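Undergrad: my questions are about this predicted structure, shown below with the sequence.
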Amino acid sequence: MNKDLELNIPIYLDTNLLLDLLASLEDGFSTVSNITTSNVENESTAKKGGIGLPTQLLNLGANISKENSSNTENISTEEKYHTYGSMMNKVINHLSKQDLIKHFNEEEWNDLDLYSFVEVRGQFIPNPTSEYFKKIYTLMEFANDLSSFDVNQNNNLNNHNKKNKNKNQMKKNKKDFENIIGGIKSVSDYFEKEDSQKYIVETDFNGFCILNLFNEYIRDHSGLELPYGNFKVLGKIIRKNKEDEKVSLLEGTPYELNDDLLNMITIVFNSLEGFNLPDVWTELEGKTIQVIPIAVYV
C-alpha cells in the first residue's frame, strides 16, 4: 500500500460530482481494474548412465549425466472493484499531490479564491435558525402533552360544576396552545427543504463554512452522526465574504426582509410562564465561505 495514501471514511458523498471529477482527472475511468499475473515454473528431469571398462584392463570408470529443463507459464486474471469510498480517496489524494486543495484556516485565508477546491475541518452545526424553532416546536408539543395529563388529573379532584368550568377553560387554552404550535411548525418549515439540509461548519479559529447537503447522499439517515460532530469537507468555494461583512442565515426565506418577526416570536415565548429562550441566531460574523460539498469524511 502507498504510505502517502490517506484513507478517509465517507459520511456524505455526492457520487455524481465524484464520478465527474475522477473521469476528468484520469481521462475516463473504469470501476473495475483487470490485473494479469504470470508465474513461470521450471521443471527439470535428470538421466544418469554409467560407462565402464574391464577392470582387468584398466581400472577406470566414468559416469555421464544429462538434464532436460522446460518452462511452464501460468497466466491468471483477477478483477478489483472500486467502491465510491475508494474512488473518493483517489480523488482526494490525486488533488493533494497536485496541490489543488487549499485549506480554510487563518494562515491561508487570503489565498482562498472563488472556485478553488478547499478542505474545511470543524464542527457541523445544523442550520441554527431552523434548529432553534425545531427545539421550540418539540418543547411546545411536550408541554401540550403534559397539559392533557393535568386536565384529566384535575377533573378527578374537582366537584362536578367546577370541573366542567375548568374543563372548558382548559380546552380553550389547549386549543390556543395548539394553534401556536402549528404556527411554530410553519416557521420551522420555511428554513428547510425536503431534500436537503443546511449546515454551518464552525472552525477552531472562529471561521464559518456554509453548505447544503442533499439527503440522498448522506450515509447516516438517522441523524445521529453529522449534527455537532467534527468532520472534514471537500468542496468548491462559491462565496467568500469580507471579514467585516455579516452573512444572513435567513436568505431564501420570507424573514429575509424583516428578521424582527423572529425576535418578536422569541419575546412572545419568553412572556409565557416557564419559557426562557435565548435570542435567535440569524447571522454569521467573521471569516465565512460557502461551498458546494463533494464529500464529508473523517
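TA: Arrived safely.
Undergrad: so Phe231 makes contact with Val296?
TA: Yes: under the criterion of C-beta atoms under 8 Å, Phe231 makes contact with Val296 at 5.2 Å. Heads up, the C-betas are built off the backbone N, CA and C, glycines and all.
Undergrad: just checking, next helix/strand downstream of the helix or strand that contains Asn93?
TA: Element membership of Asn93, judged by DSSP states H and E, is helix 84-97. Scanning forward in sequence from helix 84-97 by DSSP H and E, the next helix or strand is strand 101-103.
Undergrad: ok, and what's touching the helix or strand just after that next one?
TA: Following strand 101-103 in sequence order, the next helix or strand is strand 117-126 (DSSP H and E). Under the criterion C-beta atoms under 8 Å, 6 or more residues apart in numbering, residues 95, 100-104, 112, 131, 197-204, 207, 209, 226-237, 289, 291, 296 lie in contact with strand 117-126.
Undergrad: what residues are shared contacts of Phe231 and Val296?
TA: Joint contacts of Phe231 and Val296 (C-beta under 8 Å, 6+ apart) are 11, 124.
Undergrad: thinking again about what came up before, what angle sits between the helix holding Asn93 and strand 117-126?
TA: When axes from the mean of the first three to the mean of the last three C-alpha atoms, to 10 degrees is applied, the directions of helix 84-97 and strand 117-126 differ by 130 degrees.
Undergrad: need the mean per-residue confidence for helix 84-97.
TA: Computed over helix 84-97, the mean pLDDT rounds to 93.
Undergrad: pull it out as PDB, backbone CA atoms only.
TA: Below are the C-alpha coordinates for helix 84-97, written out as PDB (Å, rounded to 0.1, in the frame of the first residue of the first chain):
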ATOM      1  CA  TYR A  84     -17.300   5.000  -4.000                       C
ATOM      2  CA  GLY A  85     -15.200   5.300  -0.900                       C
ATOM      3  CA  SER A  86     -12.100   4.100  -2.600                       C
ATOM      4  CA  MET A  87     -12.700   6.500  -5.600                       C
ATOM      5  CA  MET A  88     -13.200   9.400  -3.100                       C
ATOM      6  CA  ASN A  89      -9.800   8.600  -1.600                       C
ATOM      7  CA  LYS A  90      -8.300   8.500  -5.100                       C
ATOM      8  CA  VAL A  91      -9.700  11.900  -5.900                       C
ATOM      9  CA  ILE A  92      -8.500  13.500  -2.600                       C
ATOM     10  CA  ASN A  93      -5.000  12.100  -2.900                       C
ATOM     11  CA  HIS A  94      -4.800  13.000  -6.600                       C
ATOM     12  CA  LEU A  95      -5.800  16.600  -5.900                       C
ATOM     13  CA  SER A  96      -3.500  16.800  -2.900                       C
ATOM     14  CA  LYS A  97      -0.500  15.600  -4.900                       C
END
